[in-house]
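[1] Have a look at this fold, sequence not included:
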């Protein structure tokens, strides 16, 4: 199982694990061993992964959503 898959399982078990993002309803979880972060939201009983992005870059999807 990859590190990303492990983190996604953790997020599924505890959706509040990530920190709130500046866009309402979105959370961000930084993967410790790699320079990546996962952006996600919780929709009823589903965790929706919005983006898995390099920590040094701004995900274009989130920038577009902010506008």
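    Looks like it came in fine. Bear in mind that the values here come from a model prediction, so they are computed numbers and not experimental data.
[2] residue ranges of the strands in this structure, please?
    Counting by DSSP state E, the chain has these strands, from start to end: 19-20, 27-31, 36-43, 46-54.
[3] Show me the one of the ones you listed that comes nearest residue 12.
    Ranking the strands of the chain by proximity to residue 12 (Cβ to Cβ) places strand 46-54 first, at 5.5 Å. Any C-beta I mention is one placed from the backbone N, CA and C, and that applies to glycine too.
[4] What pairs with that closest one, parallel or antiparallel?
    Sheet pairing of strand 46-54 (DSSP bridges) gives strand 36-43 (antiparallel).
[5] got the contact list for the strand it pairs with?
    4, 7-8, 11, 15, 18, 21, 25-31, 47-55, 59, 62 (Cβ atoms under 8 Å, 6 or more residues apart in numbering).
[6] what do you get if the cut-off is 7 Å, keeping everything else the same?
    Strand 36-43 is contacted from outside by 7, 11, 15, 18, 21, 25-31, 47-55, 59, 62, using Cβ atoms under 7 Å, 6 or more residues apart in numbering.
[7] for residue 35, what are its contacts?
    54-56.
[8] meant to ask about residue 29, not that
    Here residue 29 is in contact with 7, 11, 17-18, 37-38 (criterion: Cβ under 7 Å, 6+ apart).
[9] repeat for residue 26
    Counting by Cβ under 7 Å, 6+ apart, residue 26 touches 39, 41, 50.
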